[in-house]
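[1] This is a predicted model, with the sequence first.
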Amino acid sequence: MERRMVIGGDVFPQQTEVNLFEEGRIEQLFSQEVLELFQNSDFSICNLEGVLTNCDVKRPKCGPSIKASPNAVRAIKRLGIDCVLLANNHVTDYGLSGFRDTISCLKENGIDCFGAGENTRSIIPYYQKDLWGKRFIFYAVAETVFNIPSDDDAGANLYDEYRVCNELKTLKGQCDYLIVLYHGGAEYFQYPTPWIRTRFHRMADSGADCVIAQHTHCIGAEEYYNGAYLLFGQGNFYLRQSNYPSMTRYGLLLELSVLDGSLQVKRHLVHLDGKMVAYQTPQDLTGFLERSRRLAEGDSFEKEFSEYSLGWFVKWLLEFRGLCFKDRLLRKLMSADKFYHYLRTNYSDHTVLRMLEHVRGEEDVEVMQRGLEDFFRARK
């Protein structure tokens, strides 16, 4: 019998199918091929992209707050998912209460979890699993947004390069295979950014055999580096999104096995078709393979990253300006290019350099974050 484990991307029900999750009707949520992948595996793991709670008190943040009734765990359990990651940007959407509800729900249903904690002292960054006579360690880490833990509040295991890389070096000495599940990167961007690629290389240099990026909600590219397999964007498993709907319907299920002492990775392309995650036939990975080829040949995707960044930059400029009805009216009347040039005329070189300083320097970032937090609190 073939021995394998399965790693899935982001999974969480939305309102349109939450009843199917609550009733555990996995035959209506996953195609037969997908069901067989999980149910014939020795171990499976996914990222839980939300909290399982009935709490209605949201933590203040930007972006969506994602939750479902604890009953929605029934489909996750019936599918055969053994363990879920909590190191992500939604784990504290409903504060400490929502986090505790999620932990309790998972434990009651025999599903292991790791990657977060109800305070800084209780964070569990990794999970150990013995399979096929080998020891696997899964290490979960997330980028910093509104998921920062404190002495009395929940949060995720956050990426700090010095600490994370040193922890990986230590863990590598305790296992045969070390797999890093990284929740971060540029959302809806199908290429690795310079920072992400550097981070992945450093984690591989620190002992990781496999580094997988989730969170981007789209399939990216792969790279083999220093004996490690790097995946820059796994895409969604089961997550319905209105942003870039075509791109976000697709994801890769990774099937891992060991052959002659070497970790083998097989990709399975799946897509959300209506309310069901189906196995893609044929397995057309043309775009993925082309991006991976360009990456291997030294392409840094500068043009693509500049175009992507421009769209976000215009949004940030608007937010930095505060409430300005004239700008919002002009944004509707002008093309994106004309509006960008209009905004440029409203900033002096000195102002732009100060903004660059604020977002680049670590000291400035810390001060700016605290100032914005205090400013937000003062408005209440």
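    Here it is on my side, so go on.

[2] Spatially central residue in the chain, please.
    When C-alpha atoms, centre = their mean is applied to the chain, the residue found nearest the centroid is residue 215 (2.2 Å).

[3] measure that residue to residue 133 for me?
    The gap separating residue 215 from residue 133 is 33 Å, by C-beta to C-beta, to the nearest Å. Yep, even glycine has a C-beta here, placed from its N, CA and C like the rest.

[4] Kindly report the same for residue 321.
    For residue 321, the distance to residue 133 under the criterion C-beta to C-beta works out to 60 Å.

[5] okay, those two: which has more neighbours?
    residue 321 (12 against 7; other C-beta atoms under 10 Å).

[6] Need phi/psi at the closest residue to the more buried one other than its chain neighbours.
    Excluding the flanking residues, the one nearest residue 321 by C-beta to C-beta, 6 or more residues apart in numbering is residue 327, at 6.4 Å. Residue 327 has phi and psi values of phi -60, psi -40 when expressed as degrees, to the nearest 10.

[7] And for the one 5 residues further on?
    Torsion angles at residue 332 (phi, psi; degrees, to the nearest 10) stand at phi -80, psi -30.

[8] if we look at stretch 350-370, which residues are touching it?
    320, 347 (C-beta atoms under 8 Å, 6 or more residues apart in numbering).

[9] Residue 314: neighbouring residues, count only.
    Residue 314: 16 surrounding residues under other C-beta under 10 Å.

[10] same question, residue 114
    By other C-beta under 10 Å, 22 other residues sit near residue 114.

[11] gap between it and residue 132?
    From residue 114 across to residue 132, the span is 21 Å (C-beta to C-beta).

[12] Pretty sure residue 153 sits against residue 98.
    No - Residue 153 sits out of contact with residue 98 when judged by C-beta atoms under 8 Å, with a separation of 11.5 Å.

[13] Could you name every residue contacting both of these two?
    Taking C-beta under 8 Å, 6+ apart as the contact definition, residue 153 and residue 98 share the neighbouring residues residue 92.

[14] And these two? Which one has more around it.
    Neighbours were tallied for residue 153 and for residue 98 using other C-beta under 10 Å; the higher tally belongs to residue 98 (26 against 15).

[15] Enumerate every residue touching the more buried one.
    By C-beta under 8 Å, 6+ apart, residue 98 lies in contact with 51, 53, 55, 57, 67, 92.

[16] so what's residue 65 closest to, chain neighbours aside?
    Of all residues apart from its sequence neighbours, residue 93 sits closest to residue 65 (C-beta to C-beta, 6+ apart), at 4.0 Å.

[17] what about the one you found, neighbour count?
    Residue 93 is flanked by 23 other residues according to other C-beta under 10 Å.

[18] hang on, it packs against residue 67?
    Yes - taking contacts as C-beta under 8 Å, residue 93 lies within contact range of residue 67: 6.4 Å.

[19] can you list residues touching both of those two?
    Taking C-beta under 8 Å, 6+ apart as the contact rule, residue 93 and residue 67 both touch 50, 51.

[20] Next SSE downstream of the helix or strand harbouring residue 295?
    Assigned by DSSP states H and E, residue 295 belongs to helix 286-296. Note on helix 286-296: by DSSP H and E, the next helix or strand toward the C-terminus is helix 302-321.

[21] Would you mind pulling up the elements that that next one packs against?
    helix 325-333, helix 336-344 (3 or more C-beta pairs under 8 Å, 6 or more residues apart in numbering; DSSP states H and E).

[22] Check which residues of the first one are buried.
    Applying a neighbour-count criterion of 16 or more other C-beta atoms under 10 Å, the buried positions in helix 325-333 are 327, 331.

[23] relative to helix 302-321, how tilted is it?
    Using axes from the mean of the first three to the mean of the last three C-alpha atoms, to 10 degrees, the direction of helix 325-333 lies 150 degrees away from that of helix 302-321.

[24] quick one: contacts for the residue lying closest to residue 304 once chain neighbours are set aside?
    The shortest distance from residue 304 to any non-neighbouring residue, by C-beta to C-beta, 6+ apart, is to residue 191 (5.4 Å). Contacts of residue 191 were listed using C-beta under 8 Å, 6+ apart, and they are 220, 221, 232, 291, 295, 301, 304, 305.

[25] Could you do residue 221 as well?
    Neighbouring residues of residue 221 by C-beta under 8 Å, 6+ apart: 190, 191, 192, 232, 233, 288, 291, 292, 294, 295.

[26] Filter the residues you listed down to the buried ones.
    Members of those classed as buried by 16+ other C-beta under 10 Å are 190, 191, 192, 232, 233, 288, 291, 292, 295.

[27] Residues contacting the lengthiest strand in the chain, please?
    Longest strand in the chain, counting residues (DSSP state E): strand 262-273. If you take C-beta under 8 Å, 6+ apart as the criterion, strand 262-273 is touched by 34, 37, 177, 209-210, 219, 229, 236-240, 249-258, 277-280, 283-285.

[28] What strands line up against it, and which way round?
    In the sheet containing strand 262-273, the strands it pairs with under DSSP bridges are strand 250-259 (antiparallel), strand 276-279 (antiparallel).

[29] Tabulate the buried ones among the contacts of residue 221 (a markdown table), appending pLDDT and distance to residue 6.
    Output for the buried ones among the contacts of residue 221, formatted as a markdown table (pLDDT from 0 to 100; distance: C-beta to C-beta, whole Å):
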| residue | pLDDT | distance to residue 6 |
| --- | --- | --- |
| 190 | 97 | 23 |
| 191 | 96 | 25 |
| 192 | 95 | 23 |
| 232 | 98 | 20 |
| 233 | 97 | 18 |
| 288 | 98 | 18 |
| 291 | 98 | 23 |
| 292 | 98 | 21 |
| 295 | 98 | 25 |
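
[30] Pipe these into JSON lines and attach distance to residue 102 per row.
    Conversion of the buried ones among the contacts of residue 221 to JSON lines gives the following (distance: C-beta to C-beta, whole Å):
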{"residue": "190", "distance to residue 102": "30"}
{"residue": "191", "distance to residue 102": "32"}
{"residue": "192", "distance to residue 102": "30"}
{"residue": "232", "distance to residue 102": "28"}
{"residue": "233", "distance to residue 102": "25"}
{"residue": "288", "distance to residue 102": "32"}
{"residue": "291", "distance to residue 102": "34"}
{"residue": "292", "distance to residue 102": "35"}
{"residue": "295", "distance to residue 102": "36"}
